[in-house]
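Would you be able to build a 3D model of this:
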Amino acid sequence: MNSIPQSVDVTGTLEGLIRTGQDAVRQFDDILAATAGVGYERPGSSQGIFYPFGLIADLQHECLRQVWRLWNGMFLQIYAGGVHSDIALAKGDKRFKDSSWREQPYYDLLKQTYLLSSRHLLEFVDNAQVDDRTRLQLRFYARQLVDAISPSNFPATNPEVIRKPIETRSASLTNGLKNLIDDFQKGRITRVDESAFEVGRNLATTPGTVIFENELVQLIQYAPQTSQVEKTPLLFVPPCINKYYLLDLGTGNSLVEYAVAQGHQVFLISWRSAVPETQHLTWDDYLEMGPLKAVEVVLEVTGAERTHALGFCVGGTLLSCAAAVMAARGQDRLATVTLLTTMLDFSDTGEIGLLIDAGSVALREATIGKGGIMPGRELAFTFGTLRANDLIWRYVVDNYLKGATPDVFDLLYWDSDSVSLPGPMYCWYTRNTYLENNLKDPGKTTQCGVAVDFSRITAPFYLLASREDHIVPWKTAFRSKDLIGGEARFVLAASGHVAGVINPPARNKRSHWLSDDSESDPEGWLDGAEERPGSWWPDWNAWLGRHSGGTISAPEVQGSARFDPIESAPGRYVKEKSN
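You can find the predicted model right below:
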């Protein structure tokens, strides 16, 4: 029979847990009242009753009933060998994978009391009589609290952390302290062994040449790998809030490498992280100096009349706005547009939209709206809070409490290599997208001196979304087809924001859904779609082929008389560090 450690005072521990829970609920109630104007009515207060007394009583009664069952089950387990209750973990929750959390009653009690209290706190928030957006905001912040106070995050209540110094003869304590000091100096949590990667050595290795640069971008032309290439070139527009090499991670795991191997003339924008010299740049500057200038250079270098263009995430939003600007100017320069996990209609932005409100946008506008820098580490931390257990607390426990060496994982290295943005550009973007959702309305925004209307874009679109995307909900990406003027092919990939996109065919992983239905809503489209195993890349490549102008002999040199080679890919900009 399992036993409680001799040094543990069960009664004192339970009383401590109860006091901690009461304090947490009391503090959270104050947060609710202060930030959202919700909470029960206090004597002498003019605040309305948003949690009816009967509802509070019912929630408390149910919580106490389940706590009693939990404690009763624990004592039955200890003294009579009974079977304890088991509160289910969320899918993918790895915090309590160690066997001690289940086999030792003390730790089992800690885990299940925490899970039960967390569930009831979230139910309490869900029953708040507020509007839907406020409820979602409250649930987000409640989950941050719940994630932070997990017993797995504290050395005294995590059995793995307690065992580790014994197993390593205290080396874990020394290593953990060193990791903590190193991260204090960096100003961020280390999630990957950064010494294992180097851009240009084992990341961003597809051969190419930088043929153009300005203070914001470098334009890379990749060396052809086939004797014949598509006459219509292909321009990649990566997100400007990340380094471009997500699209060129390394041999066998690169969309750029794949496109080159299929015979495309591939060009790519490498965005520069904001520096003091570029802190004044605006959204219009990003359009003019980024995709609009890149399209001009690509067409002049190749001699083509039109180019394919692909945008990923925010890069897709920038590309779509640039396409609308070209349409307003009467410039027919795009053969096709591919948008990967991109939002044009920001009606439903998922959880990240909950972090952007009128107050936060106004504060940024007042501080950096006319010049300044939005630090990359702040953007990275914001994205990390969307999955705090996986992207924050896991590494706090592993790095500092266990003294572990971080993993070797290319995607985590890329995710940690953040990019800063100029304040004016960032402020315009957040106000006109997440806050006011102006882009979707024809003519509501003026960009580069013209009224932007996506319906004037007549080029065919390839729209890809990822089914489990927590940054760009797939149903939001689906709505883009209703805003554009040209035909659209919508494809749904399995997995999340990154893994759904970066899925090389050779690995034969995951699946994707296809349908020619252009009239149904998202649910109807999915009901009628055909699931196909493997990567979506071949479908996209075949679609590009149907909109290309035939093949020509591969160019022998990169650049042109006007655009001389500057340096080899990946170039200087992608190697500059903002963190």
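
can you pull the contacts of the most centrally placed residue in the chain?
Centroid check for the chain by C-alpha atoms, centre = their mean gives I471 as the closest residue, at 4.9 Å. Each residue near I471 by C-beta atoms under 8 Å, 6 or more residues apart in numbering is listed here: C313, T341, G350, I352, F383, L386, H497. In this view, the C-beta of every residue, glycine as well, is placed from N, C-alpha and C.

swap the cut-off to 7 Å and go again
G350, I352, H497 (C-beta atoms under 7 Å, 6 or more residues apart in numbering).

By neighbours, which of these wins?
Within the contacts of I471, most neighbours by other C-beta atoms under 10 Å means H497, with 20 neighbours.

How is it classified with respect to secondary structure?
Here H497 is coil, with the state taken from DSSP: H, G, I helix; E, B strand; the rest coil.

For it, give me its contacts.
Contacts for H497 (C-beta under 7 Å, 6+ apart) come out as T341, S466, D469, H470, I471, V472.

Likewise for A261?
The contact partners of A261, by C-beta under 7 Å, 6+ apart, come to Q225.

Could you rerun that using 10 Å?
With contacts defined as C-beta atoms under 10 Å, 6 or more residues apart in numbering, the neighbours of A261 are T206, P224, Q225, T226, S254, N541.

Need the buried ones from those selected in PyMOL.
Remark: buried members of the contacts of A261, expressed as a PyMOL selection using 16 or more other C-beta atoms under 10 Å:
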select buried, resi 206+224+225+254+541
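
If we only consider the contacts of A261, which is nearest to V337?
Ranked by distance to V337 (C-beta to C-beta), the contacts of A261 are led by N541 at 15.6 Å.

pLDDT score for the closest residue in space to the closest one that isn't next to it in sequence?
Sequence neighbours aside, Q262 is the residue nearest to N541 in space, at 5.2 Å (criterion: C-beta to C-beta, 6 or more residues apart in numbering). pLDDT for Q262: 97.

surely Q262 meets Y222?
No - between Q262 and Y222 there is no contact under C-beta atoms under 10 Å: 12.0 Å.

so where's the chain shaky on pLDDT?
Segments of the chain classed as low confidence (criterion: pLDDT under 70) are 1-86, 579.

If we use 80, what do you get?
Counting by pLDDT under 80, the chain shows low-confidence ranges at 1-88, 90-92, 128-129, 132-133, 187, 351, 353-355, 380-387, 579.

quick revisit: who has more neighbours, Q262 and Y222?
Applying other C-beta under 10 Å to Q262 and Y222 shows that Y222 carries more neighbours, namely 23 against 20.

what's near enough to touch that one?
Counted by C-beta under 10 Å, 6+ apart, Y222 has contacts 206-209, 234, 236, 248, 256-257, 259-260, 264-268, 558, 569.

cool, A542 as well?
For A542, the contact set (C-beta under 10 Å, 6+ apart) comprises Q262.

secondary structure element for it?
Per DSSP states H and E: A542 is located in helix 537-546.

Which residues belonging to that helix are considered buried?
Across helix 537-546, burial judged by 16+ other C-beta under 10 Å covers W537, D539, W540, N541, W543, L544.

on that earlier part again, tell me the one among the contacts of I471 nearest to T336.
Minimum distance to T336 across these is 22.5 Å, recorded for H497 (C-beta to C-beta).

Got the phi and psi for the closest one?
phi -60, psi -40 (degrees, to the nearest 10).

and what of the one 4 residues further on?
The main-chain torsion angles of V501 are listed as degrees, to the nearest 10 and equal phi -90, psi -50.

wait, doesn't it sit right on V491?
No - V501 is beyond contact range of V491, at 11.1 Å (criterion: C-beta under 10 Å).

still on that earlier bit, please report how far the residue nearest to N541 lies from S99.
Distance check for Q262 against S99: by C-beta to C-beta, to the nearest Å, it reads 49 Å.

Give me the neighbour count for C448.
The number of residues packed near C448 is 18, by other C-beta under 10 Å.

hang on, I meant V408
Other residues within reach of V408 by the criterion other C-beta under 10 Å amount to 13.

now it, nearest residue through space, not along the chain?
Nearest in space to V408, with sequence neighbours left out and distances taken as C-beta to C-beta, 6+ apart, is A196 at 4.5 Å.

So which bits of stretch 102-116 are buried?
Under 16+ other C-beta under 10 Å, the buried positions of stretch 102-116 are 102, 104-116.

swap in stretch 335-349?
Judged by neighbour count using 16+ other C-beta under 10 Å, the buried positions of stretch 335-349 are 335-346, 349.

and if you look at stretch 304-323?
For stretch 304-323, burial by neighbour count (16+ other C-beta under 10 Å) applies to 304, 306-323.
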